[in-house]
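[1] Build me a model:
(2 chains)
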Amino acid sequence: MPGNAAWSISWNVVRDIQEMWSLPSMVNAYRAGTIIAVTAGVVGWFMVLRRQTFAGHTISLAGFPGAAGAVLLGIASGYGYFGFCVAAALVIAYGARPGNREPANESALTGVVQAFVLACGMLFVSLYGGFLNQVDNLLFGSILGITDGDVILLAAVAVAVLGAMAAIGRPLLFASVDPDVARARGVPVRLLGALFLVLLGAATAEVSQITGSLLVFALLVMPAATAQIITARPGLSLLLTVLIGLVVTWAGFAFAFFTIYPIGFYITTFAFGAYVLAYLVRGAGPVLAARVSRLRSANDAARAASAV
Amino acid sequence: MSVDPVAAGSGFGASAESDTVVALRGASAVVGGRTLWSGVNLTVHSGEFVAVLGPNGVGKSTLIKVLLGTLSSANGTVSVLGRRPGGAGERIGYLPQRRNFDASLRIRGIDIVRLGLDGDRWGVPLPGAARFSARQRAAQARVHEVIDLVGASAYAHRPIGALSGGEQQRLLIAQALVRRPGLLLLDEPLDSLDLPNQASVAALIHRICREANVAVVMVAHDVNPILPYLDRVVYIASGGAACGTPPEVITTETLTRLYSTPVEVLRTSDGRLVVVGGPEAPALHTDRHAHAGHQGSARQGADRHAG
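    All right, here's what the predicted structure looks like:
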């Protein structure tokens, strides 16, 4: 079993991968992780661009009562994740539409929703009577027991979400960065915003099933934030987001398989490492350039002084 | 039947009409039951630079909204590019008021301009499409052309949030121009720019207006930076509105009547008109004493107090 010391890591990477993939559940985990990393990357890139990470956080927390409620009712937790995440997205989209009297306050409404869904999650867990030892998994994720059926459901949702994103991608980008002009050009800015929140809900529900409710940002925010630090070209940035998401997911699975620590920790840590690296490199770039030019001008001055 | 002379006449009329970009006849704006302005008559021909002037809150931006078709005129007739307002959105370039991009927004200036060209089309652009599609190449060429036109080539590839206000404004003008509009609607494009940038962006708008033969309707708070370029002004104040050439409208009598309070129009030694007084700027009392030497800068200082 994953996380069991019986599976020991060697320095032969090929043998390690063969060993890991000899388990059908690990193959399914990689399938699911790949689907999720791509979906989360694309949707998360827009979320970061639109400054909607708080809404994303709240939607992800709604997955916790959703999954706990599903377990309570004896159905697959996946349905609970999807149901509650999309419902929370709809509530935020409806409540945050600009009213006639005052401008909408999306962050306050989002906070209200967040507190309530967490309370619901606690209620469902206590109703279950303390035997819900999956609470850790609901919050922090697990790669155990992903079935073929789970993978098919994830793939179906991913195809729907990515198809919708492909259809609305360009006007959504326009509406995200420049809403006033987009509106004047006839882009349905408000409708696109609501539709995007629903897609975010579906993507969040997917990610939750691997990273748990608390760590969805590992795949939803971190790759996108890292890519947007690296480049300001939209196409390249989106591609980098997906690649970073895939790499941290695949590496996270492998490390979780050969050690006793949870998957959420590894994915989050690798994504965090990528972000810090990108941040430092970008921060260091101008500093280094300034230092080099300062050195150069100091040298020139010294040379000029010695020439005199 | 013989040839109908009326039809021939109307044919001639239509060709003369096609030069008319904006026509307002007795237009008025009512927002929330309050009449902001009424009885506005205005004709703008292609290649003309028209300013909409007046103090804050009189409905200058509302006039832009009426032309865009997002608000309908309560009375009279409005025609934009020969159609109802809102019917010619394709051929209008619009630059909304006070738009500064978040400093952390990681999208290049050139992407913002490109979105102005085809950002409203569904789907996503395919990577490398320019290699195969002539239309994609034409689109890229147009984006570069318009960025050259506004003189933004040096910084168009930097993230827009990292650019100065003047640089952002030039790129936004490029965005508004990229579809070769017949009419540019600019809402206070000089707002929040420093004085040298106000002068250079005003000169840029004038050059575009003449070279691309675009009609420009520009809302402005301060007439002085654009006054040398204007073909026509619309002055809106609480007392009504006046339209005409700058020497016709910007007179002590007209402005005093519009504001219902004494306003003076002075002529500087280099022939510029300077408006002094008006109800919107309490700081003007001190400026009245200071204006003798340098009216223009005193006036602009007063505007910043008022804004």
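
[2] on contacts alone, who are the packing partners of the longest helix belonging to chain A?
    If you go by DSSP state H, chain A has its longest helix at helix A:263-307. Judged by 3 or more Cβ pairs under 8 Å, 6 or more residues apart in numbering or on different chains; DSSP states H and E, the packing partners of helix A:263-307 are helix A:189-211, helix A:217-220, helix A:222-230, helix A:234-258. Bear in mind the C-beta positions are built from the backbone N, C-alpha and C, glycine included.

[3] Show me which positions of the first one end up buried.
    What it means is helix A:189-211. For helix A:189-211, the neighbour count (16 or more other Cβ atoms under 10 Å in any protein chain shown) marks A:189, A:192-211 as buried.

[4] for stretch B:189-201, same thing?
    Buried-residue list, stretch B:189-201, by 16+ other Cβ under 10 Å: B:189-193, B:197-201.

[5] A:Gly74: which of those residues is nearest?
    B:Ser192 (60.5 Å; Cβ to Cβ).

[6] In three-state terms, label that closest one for me.
    At B:Ser192 the chain is in coil, as set by DSSP: H, G, I helix; E, B strand; the rest coil.

[7] Any regions of the stretch 1-150 of chain A where pLDDT drops low?
    A:1-9, A:97-104, A:130-134 (pLDDT under 70).

[8] List, one by one, the residues from it near chain B.
    Residues of the stretch 1-150 of chain A found near chain B (Cβ under 8 Å from any Cβ of the partner chain) are A:49, A:51.

[9] quick one: the helices in the stretch 1-150 of chain A?
    A:13-21, A:24-49, A:53-73, A:77-95, A:106-127, A:135-140, A:148-177 (DSSP state H, counting those that start in this stretch).

[10] can I get the ones you listed in TSV with distance to B:Gly244 and mean neighbour count?
    Formatted as TSV, the helices of the stretch 1-150 of chain A follow (distance: least, Cβ to Cβ, whole Å; neighbours: other Cβ atoms under 10 Å in any protein chain shown):
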stretch	distance to B:Gly244	mean neighbour count
helix A:13-21	80	13
helix A:24-49	46	23
helix A:53-73	51	25
helix A:77-95	49	22
helix A:106-127	46	17
helix A:135-140	71	20
helix A:148-177	38	19
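
[11] Could you dump the ones you listed into CSV and include distance to B:Ala241?
    Shown next, in CSV, are these (distance: least, Cβ to Cβ, whole Å):
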stretch, distance to B:Ala241
helix A:13-21, 76
helix A:24-49, 42
helix A:53-73, 44
helix A:77-95, 41
helix A:106-127, 38
helix A:135-140, 63
helix A:148-177, 34
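
[12] which parts of the stretch 1-150 of chain B sit against chain A?
    Counting by Cβ under 8 Å from any Cβ, the stretch 1-150 of chain B sits next to chain A at B:68, B:70, B:89, B:92, B:94-96, B:99, B:101-102, B:105-108, B:111-112, B:115-116, B:118-125, B:127.

[13] And A:Ala115, how far from A:Cys85?
    17 Å (Cβ to Cβ, to the nearest Å).

[14] B:Ser61 too?
    Per Cβ to Cβ, B:Ser61 is found 40 Å from A:Cys85.

[15] ok, now B:Ser28?
    In terms of Cβ to Cβ, B:Ser28 sits 49 Å off from A:Cys85.

[16] What of A:Gly252?
    To A:Cys85, A:Gly252 is 22 Å away according to Cβ to Cβ.

[17] Among the buried residues of stretch B:189-201, which one lies nearest to chain A?
    Nearest to chain A among the buried residues of stretch B:189-201: B:Pro189, at 13.1 Å, using Cβ to the nearest Cβ.

[18] tell me which element that closest one falls in.
    Using DSSP states H and E, B:Pro189 maps to neither a helix nor a strand.

[19] quick one: it from A:Phe46, how far?
    In terms of Cβ to Cβ, B:Pro189 sits 29 Å off from A:Phe46.

[20] One more: B:His157?
    For B:His157 relative to A:Phe46 (Cβ to Cβ), the value is 22 Å.

[21] Which parts of the stretch 1-150 of chain B are helices?
    Going by DSSP H, counting those that start in this stretch, the stretch 1-150 of chain B shows helices at B:5-17, B:60-68, B:109-118, B:134-149.

[22] which non-adjacent residue is nearest B:Gly54?
    B:Ile236 (3.9 Å; Cβ to Cβ, 6 or more residues apart in numbering or on different chains).

[23] In a strand, the one you found, correct?
    Yes: assessed by three-state DSSP, B:Ile236 belongs to a strand.

[24] got the contact list for it?
    B:36-37, B:40, B:52-54, B:58-60, B:63, B:258 (Cβ atoms under 8 Å, 6 or more residues apart in numbering or on different chains).

[25] Kindly indicate which of those lies nearest A:Arg170.
    Distance to A:Arg170 across these (Cβ to Cβ) is lowest for B:Leu63, with 31.1 Å.

[26] Identify the residues contacting that closest one.
    So B:Leu63 contacts B:29, B:37, B:40, B:52, B:217, B:219, B:234, B:236 (Cβ under 8 Å, 6+ apart).

[27] Just the pLDDT for it.
    pLDDT, B:Leu63: 91.

[28] got it, and B:Gly9?
    Looking at B:Gly9, the pLDDT reads 37.

[29] Ok, A:Phe174 next?
    95.

[30] residues near B:Ser133, how many?
    12 (other Cβ atoms under 10 Å in any protein chain shown).

[31] can you pull the contacts of the residue nearest the centre of chain A?
    Chain A has A:Leu220 as the residue nearest its centroid, 1.4 Å off, counting by Cα atoms, centre = their mean. Neighbouring residues of A:Leu220 by Cβ under 8 Å, 6+ apart: A:40, A:43-44, A:47, A:56, A:60, A:203-204, A:207.

[32] Closest to A:Asp300 out of those?
    Nearest to A:Asp300 among the contacts of A:Leu220, with distances taken as Cβ to Cβ, is A:Gly44, at 47.1 Å.

[33] mind listing what that closest one touches?
    Contact analysis of A:Gly44 by Cβ under 8 Å, 6+ apart lists A:56, A:203, A:219-221, A:223-224, A:241, A:245.

[34] let's see 10 Å
    A:37, A:53, A:56, A:200, A:203-204, A:207, A:216-217, A:219-225, A:227, A:241-242, A:245 (Cβ atoms under 10 Å, 6 or more residues apart in numbering or on different chains).

[35] Equivalent analysis for B:Ala220, please.
    B:51-54, B:60, B:186-191, B:198, B:202, B:226-227, B:230, B:233.

[36] Just want the most central residue of chain B.
    Most central in chain B (Cα atoms, centre = their mean) works out to B:Met218, at 1.9 Å.

[37] Just confirm that residue is within a helix.
    No: the assignment for B:Met218, made by three-state DSSP, is strand rather than a helix.

[38] how about B:His221, secondary structure?
    coil.

[39] Next, give phi and psi for it.
    Torsion angles at B:His221 (phi, psi; degrees, to the nearest 10) stand at phi -90, psi -30.

[40] what's the neighbour count on it?
    17.

[41] How about the one 10 residues further on?
    Burial of B:Asp231, expressed as a neighbour count using other Cβ under 10 Å, amounts to 17.

[42] can you check B:Ala29 too?
    B:Ala29 has 22 nearby residues by other Cβ under 10 Å.

[43] how much space is there between it and chain A?
    Distance of B:Ala29 to chain A, given as Cβ to the nearest Cβ, to the nearest Å: 18 Å.

[44] In contact with the residue lying closest to A:Leu49 once chain neighbours are set aside: list those residues for me.
    Spatial nearest neighbour of A:Leu49, excluding adjacent residues (Cβ to Cβ, 6+ apart): A:Ser176 at 5.4 Å. With contact set as Cβ under 10 Å, 6+ apart, A:Ser176 has these partners: A:46-47, A:49-52, A:182, A:189, A:192-193, A:196, B:105, B:107, B:115.
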